[in-house]
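Participant: Okay, sequence plus prediction incoming.
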Amino acid sequence: LVTALALLAVGVVAHARAPLPTEDVSVPYWHNWADADGVSHLTQCKMSNFTLVQYLPTNPPFYVDKPVASNPSASQINVFPPGWFGDSHKDPVIQLVVILQGKMQWTTMDNVTHTFDATLGEPQLYLGNDQLSSKGHKSAVVGDKPALVLFLQWAGLNPMDYVGSPCWLH
């Protein structure tokens, strides 16, 4: 028992002395935003407001985003069936949409279309923020498989604060 504890202590100390990662971390996302004329747009952006955090002393640190708004007001997981199509609509509140599985497509009022392809196991991020546009966007499931989607919604954020501001989530 004493030997096991000594080995554990040596491992923790050796691990604590490991060099910390220094690379810049960024995560891509697509932002659907409205301009002052009420037109919705899709812009490719990057979240890069990450801080290296040591949560547990026995584990290596990892990067944590410092969000503009923490504690979403609602979250839900949805499964959209193959062939699902959502005609022109606005995001109900500012929301981060995480496409976990499947393939979905968004088209904004300026006719920009982006396909979010999570079929290879890499989730895709979309920030829905077109509440003040006149028509919003269209969205659809692409292909013959359902799309598994996580929504994180912030009803407390005021869309007026972000009019004409692409890529504000950083």
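Facilitator: Structure received. Residues are numbered from 1 along each chain as shown.

Participant: What number of residues are in the vicinity of P57?
Facilitator: Burial of P57, expressed as a neighbour count using other Cβ atoms under 10 Å, amounts to 8. Any C-beta I mention is one placed from the backbone N, CA and C, and that applies to glycine too.

Participant: Show the subsequent helix or strand relative to the worst-scoring helix or strand of the chain on mean pLDDT.
Facilitator: For the chain, the helix or strand with the lowest mean confidence is helix 2-16, at a mean of 38 (criterion: mean pLDDT, DSSP states H and E). Secondary structure here is assigned by DSSP states H and E; on that basis, the next helix or strand after helix 2-16 toward the C-terminus is strand 27-34.

Participant: How far does that following strand sit from its chain's centre?
Facilitator: The offset between the C-alpha centroid of strand 27-34 and the centroid of the whole chain comes to 9 Å, using Cα atoms, centre = their mean, to the nearest Å.

Participant: Over to stretch 130-137?
Facilitator: On Cα atoms, centre = their mean, the centre of stretch 130-137 falls 20 Å from the chain's centre.

Participant: Name the SS class of M160, please.
Facilitator: Judged by DSSP: H, G, I helix; E, B strand; the rest coil, the three-state class of M160 is helix.

Participant: For W84, give its distance to V93.
Facilitator: 21 Å (Cβ to Cβ, to the nearest Å).

Participant: between the two, who's got more neighbours?
Facilitator: Legend: neighbour count by other Cβ under 10 Å for W84 and V93, higher for V93 (18 against 15).

Participant: what sits against the more buried one?
Facilitator: With contact set as Cβ atoms under 8 Å, 6 or more residues apart in numbering, V93 has these partners: S73, Q131, Q153, W154, A155, L157.

Participant: Farthest pair within those?
Facilitator: In the contacts of V93, the most distant members under the criterion Cβ to Cβ are S73 and Q131, with 14.3 Å between them.

Participant: quick one, which of those two is more surrounded?
Facilitator: Using other Cβ under 10 Å, the more surrounded residue of S73 and Q131 is Q131, with 21 against 14.
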